[in-house]
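Peer 1: just the structure for this:
(one chain, ligands or ions: 1)
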Amino acid sequence: MNSDIFICYLFQKYGYTHLSAGELLRDERKNPDSQYGELIEKYIKEGKIVPVEITISLLKREMDQTMAANAQKNKFLIDGFPRNQDNLQGWNKTMDGKADVSFVLFFDCNNEICIERCLERGKSSGRSDDNRESLEKRIQTYLQSTKPIIDLYEEMGKVKKIDASKSVDECLLSLKRYLEMMVTER
Ligand code: AMP
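Peer 2: Numbers count the residues shown, from 1 in each chain. Below is the predicted model of the structure:
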């Protein structure tokens, strides 16, 4: 089974709906009626974090629609969020009393391996940020803005770390173990 399909299968098996902040932003950028298309493209190409008002409204809309269709689907794995202090404040303001963060999955991987993997992905992804220049900017954004947020959750004891420099199969196994653990702990 292809690893993306297996990840979707794992999330479904443990009752999570997977939402990717980056994917929602890319979809919004494609929408010809969106007033934010150009702004999103500029931020993505520069490897910068899109203003939280845009990202949180896309996430909240998806969460609300999912739960409106099936009230039991109230567990979400939000991929690539929160990525900076602005994201975190926006989340706390919008979701206060509405959602609990049970854990943060941290796929820890050395910068050069990440760049090499994304350059490989860039051969077929068509993504405007899968090139060395954007990727190096993304690493800077990660170090300056995202890592401190992971450290904050680490202090709260909420971080589940996966060594993502290992093979896809080993990462998937660790992911499966964490999801199993979270389901049995609840
Ligand atoms: P990803 O799909 O996670 O690789 O993210 C691709 C790009 O989308 C990032 O480099 C940002 O420009 C933008 N992006 C993704 N997630 C967020 C977020 N939580 N807040 C703002 N911008 C984001």
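
Peer 1: tell me which parts of this protein are close to the ligand?
Peer 2: Within the chain, the positions near the ligand by Cβ under 6 Å from any ligand atom are 20-22, 25, 43-44, 47-50, 55, 80-81, 83, 87, 129, 138. To be clear about C-beta, it is placed using only N, CA and C from the backbone, and glycine gets the same treatment.

Peer 1: 8 Å instead?
Peer 2: Neighbours of the ligand within the chain, by Cβ under 8 Å from any ligand atom: 20-23, 25-26, 40, 43-44, 46-52, 54-55, 79-84, 87, 127, 129, 134, 138, 141.

Peer 1: so His18: helix, strand or coil?
Peer 2: Here His18 takes the strand state, with states given by DSSP: H, G, I helix; E, B strand; the rest coil.

Peer 1: just Leu119 next, same as before
Peer 2: Quick answer, by three-state DSSP: Leu119 is helix.

Peer 1: these two touch, right, it and Asp129?
Peer 2: No. Applying Cβ atoms under 8 Å as the test, Leu119 and Asp129 come out as separate, 11.2 Å apart.

Peer 1: can you give me the strands in this structure?
Peer 2: 17-20, 76-79, 104-108, 159-163 (DSSP state E).

Peer 1: where does pLDDT dip in the chain?
Peer 2: 1, 186 (pLDDT under 70).

Peer 1: surely Tyr178 is in contact with Phe107?
Peer 2: No. Tyr178 is beyond contact range of Phe107, at 11.2 Å (criterion: Cβ under 8 Å).

Peer 1: neighbours of whichever residue of the chain sits closest to the ligand, how many?
Peer 2: Nearest to the ligand, among the residues of the chain, is Gly22, at 1.9 Å (Cβ to the nearest ligand atom). Using other Cβ atoms under 10 Å, Gly22 is surrounded by 16 other residues.

Peer 1: what do you get for Asn70?
Peer 2: 9.

Peer 1: do the same with Lys158
Peer 2: So Lys158, with other Cβ under 10 Å, has 15 neighbours.

Peer 1: and the one 5 residues further on, by the same measure?
Peer 2: Other residues near Asp163 number 12, with proximity taken as other Cβ under 10 Å.

Peer 1: having no further points to raise, I will conclude here.
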